[in-house]
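Asks: Here you go, sequence then predicted model.
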Amino acid sequence: MAPFSTYTTPQEVPEHLKPFIATQDPLLYTPIDHASWRFIMRLNQAFFAKHAHQKYLDGLEETGISTERIPLIPEMDAKLRKFGWRAVPVSGFIPPSVFLEFQALGILPIAAEMRTLDHLAYTPAPDIVHEAAGHAPIIADPEYAAYLKAYGEVSRRAIFSDKDVDVYEAIRRLSDVKEDPASTSDDIAAAQRALDAAVAGVHYVSEATQLARMSWWTIEYGLVGTFDEPKIYGAGLLSSVGESYACLKDEVLKIPMSLDSINTSYDITRPQPQLFLTPSFPALRKVLEDFAELMAFRRGGTEGLGKAKMARTVTTIQFDSGIQISGVLSEFLTDAEGNATYLKFRGPSQLSHGDFQLDGHGPGYHLEGFGTPVGTIRGKSPAEFTRADWEHHGFKAGVLGKLRFDSGVTVEGVLKGTVERGGRTLVASFERCTVRHGDRVLFDPAWGTFDMACGQSIPTVFGGAGDRTAYAREAGGVRPSPIRPKTNLTDENRELNPLYARLRQIREEPIDSRETLLAMKEVHDRLEKDFPKDWLLRWELLELGALRGIEIPWQKVLRERLAEIAKTREDIGTLIRRGLELLA
């Protein structure tokens, strides 16, 4: 195994994303984990050789993924660099906005945990099977990689609602509880009720939700090709030894991929009743671009402001001057023509330009909110004001001046200073300032300095802060992943793991058939004595006999025991049956 000192965090990772990067420890994985990985990959390669996109099998090798052992992310990172991508280890669920920002940078976040043997067919929690064996191989296809990066770039501008965040937290909790061997049925039921309540609280479909649906029906559960011969490329299917096997059957409806996918919801806890089929990966880019044209970051104006206000999350409103205002938009005023005239933000707010926070204008300073007019004064934007323009409106040293916006908003105070970029005034600051619209006071002198953002129109509105690193540093809100992902080693399997390790040693040692059979018999006898419910190691014994051409005298006992275990759970029965088919 490669030493982990060979891995370095990509330089392009901004500071606010670094807390989500974990450390993949090779000792994290137990012999059972490696056997589970190997079983999944054996099944997958046999099935996907016929039913996956042609790049899947080649992509496994090209992205550093072995059948025999759980891959090391540093090795994958080195391979992905050849395709212009990088990889970083993360732990469990990370916020969707964080995942998408990594993706937009051409970085694949890989959950370092391994699913438990109890959830081999499917796990609701992110794990290395899903991220490495699912997402990574298809990245080796340049047309798909281009779609993935474009999707990340579009999605990182999407507006999330506060209810989206609630649903994400509830899904994360339910997935963690389901995957935790210590969870009780009551724990799972409580987490499910919390998710149901979060979903019930969603009162509209946000841009982020619509894009999540597009991701689900393409990146996670997509099919490519023709209706006569569809091929699997979605990571959710490529990492599910259960659902991938059934998804190509006629009972699962196949729908032509289109923008309508954003209107089709999904349930992560159940097999999907329909899937979307694209004729090619470039066709996905066209659907993505069609949706991008409908988003607030392309349309701006009061339509974008309406989405931002409804979201009740941090969004960024950018004026035509380039000034960016980030915060939770609580209100905006409009004129008779429907143009925005005044914006109000609550809570920590930020002023930026080109996605970089302006000095002294972070959320630590604008802690209680921010407000500003937008528009023209006698047809001219204050962003275009010269010194003569300011003086024309009475703004001289220590003297009260007054701006009368064409919208009716007035700003009266002493001009303290301005912030300029590229010959434009981005911010004008006033002391002893009063801002009014008719009889309504929008800013009172007792509140301190009034900082006015300058611009006459709003070409773009997008989700998140302009300078995300600075906003996270000053306003908080970043909840990092655990540095070291969890292990599947438990008191229950502590004595079983050495048996898995012993059989792997037997398989890898070039010893003769008689010695191999004797060693296998020792493992089998211990299984029969202490571990009557374990199925995977029994299958591995049968597999080793088949690989070595060894006739196992107690093969009938193995198969009878597997048949008994198969009856205990439908999903385990399916895995056992498919595993035995590999040996036929």
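Replies: Nice, thanks for sending it over.

Asks: Just the buried positions in stretch 343-360, please.
Replies: Buried residues in stretch 343-360, counting neighbours by 16 or more other CB atoms under 10 Å, are found at 343-345, 348-353, 355, 357-358. C-betas here are computed from N, CA, C, even on glycine.

Asks: Now, these that are in strands?
Replies: 343-345, 348-353, 357 (DSSP state E).

Asks: for the chain, what are the low-confidence residue spans?
Replies: 1-7, 477-481 (pLDDT under 70).

Asks: the residue most distant from the middle of it, which is it?
Replies: Ranked by distance from the centre of the chain (CA atoms, centre = their mean), the top residue is Val399, with 52.8 Å.

Asks: And the contacts of stretch 437-450?
Replies: Identification of contacts with stretch 437-450 by CB atoms under 8 Å, 6 or more residues apart in numbering yields 333, 341-342, 344, 371, 407-411, 413, 416, 429-436.

Asks: check contacts around the residue positioned nearest the centre of the chain.
Replies: Centroid-nearest residue in the chain: Phe99, 3.2 Å away (criterion: CA atoms, centre = their mean). Neighbour list for Phe99: Pro109 [criterion: CB under 8 Å, 6+ apart].

Asks: hmm, back to that, buried ones among the contacts of stretch 437-450?
Replies: 333, 341-342, 344, 371, 407, 409-411, 413, 429-430, 433-435.

Asks: and which of those residues is nearest to Trp216?
Replies: Nearest to Trp216 out of the buried ones among the contacts of stretch 437-450 is Lys344 (CB to CB; 35.5 Å).

Asks: And what about Thr8, helix, strand or coil?
Replies: Secondary structure, DSSP: H, G, I helix; E, B strand; the rest coil: Thr8 is coil.

Asks: domains of the chain?
Replies: 12-161+204-289, 162-203, 311-475, 497-583 (automatic domain parsing).

Asks: What separation is there between Tyr471 and Gly364?
Replies: Going from Tyr471 to Gly364 by CB to CB, to the nearest Å gives 10 Å.

Asks: who touches both of those two?
Replies: Pro348.

Asks: which element is Ala49 on?
Replies: helix 31-51 (DSSP states H and E).

Asks: what about dumping the CA coordinates of that helix to CSV?
Replies: Only the C-alpha atoms of helix 31-51 are listed here, as CSV (Å, rounded to 0.1, in the frame of the first residue of the first chain):
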residue,chain,number,x,y,z
PRO,A,31,-10.7,-8.0,6.7
ILE,A,32,-14.5,-8.3,6.5
ASP,A,33,-14.6,-4.9,4.8
HIS,A,34,-12.1,-6.0,2.2
ALA,A,35,-14.0,-9.2,1.6
SER,A,36,-17.2,-7.3,1.2
TRP,A,37,-15.6,-4.9,-1.3
ARG,A,38,-14.2,-7.9,-3.2
PHE,A,39,-17.6,-9.6,-3.4
ILE,A,40,-19.3,-6.5,-4.6
MET,A,41,-16.7,-5.9,-7.3
ARG,A,42,-16.8,-9.6,-8.4
LEU,A,43,-20.6,-9.3,-8.9
ASN,A,44,-20.3,-5.9,-10.5
GLN,A,45,-17.7,-6.8,-13.0
ALA,A,46,-19.5,-9.9,-14.1
PHE,A,47,-22.8,-8.0,-14.5
PHE,A,48,-21.6,-4.6,-15.7
ALA,A,49,-19.3,-6.2,-18.4
LYS,A,50,-22.6,-6.6,-20.3
HIS,A,51,-24.8,-3.9,-18.9
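
Asks: Same question for it: list its buried residues.
Replies: For helix 31-51, by 16+ other CB under 10 Å, it's 31-45, 47-48, 51.

Asks: Please state the offset of that helix from the chain centre?
Replies: Remark: helix 31-51 is offset 25 Å from the chain centroid, using CA atoms, centre = their mean, to the nearest Å.

Asks: Name the nearest of the buried ones among the contacts of stretch 437-450 relative to Asp389.
Replies: Distances from Asp389 to these, taken by CB to CB, are shortest for Val411, at 13.7 Å.

Asks: now that closest one, what's its secondary structure?
Replies: Three-state assignment for Val411 (three-state DSSP): strand.

Asks: Leu333 too?
Replies: Counting by three-state DSSP, the backbone at Leu333 sits in strand.

Asks: quick one on the thing from earlier: so which of the domains of the chain is nearest Arg298?
Replies: domain 311-475 (7.2 Å).

Asks: Endpoint to endpoint, the closest one covers what distance?
Replies: 19 Å (CA to CA, to the nearest Å).

Asks: next one: stretch 236-248
Replies: End to end - CA to CA - stretch 236-248 spans 14 Å.

Asks: same thing with stretch 81-92?
Replies: For stretch 81-92, the end-to-end distance is 24 Å (CA to CA).

Asks: just how off-centre is it within its chain?
Replies: On CA atoms, centre = their mean, the centre of stretch 81-92 falls 13 Å from the chain's centre.

Asks: buried stuff in it?
Replies: So for stretch 81-92, counting by 16+ other CB under 10 Å, buried means 83, 85-92.

Asks: now, the most widely separated pair of those?
Replies: Most distant of the buried residues of stretch 81-92, by CB to CB, are Phe83 and Gly92, 25.9 Å apart.

Asks: ok, which stretches of the stretch 51-200 of the chain are helices?
Replies: 55-62, 73-80, 96-104, 128, 136-139, 142-155, 162-179, 185-200 (DSSP state H, counting those that start in this stretch).
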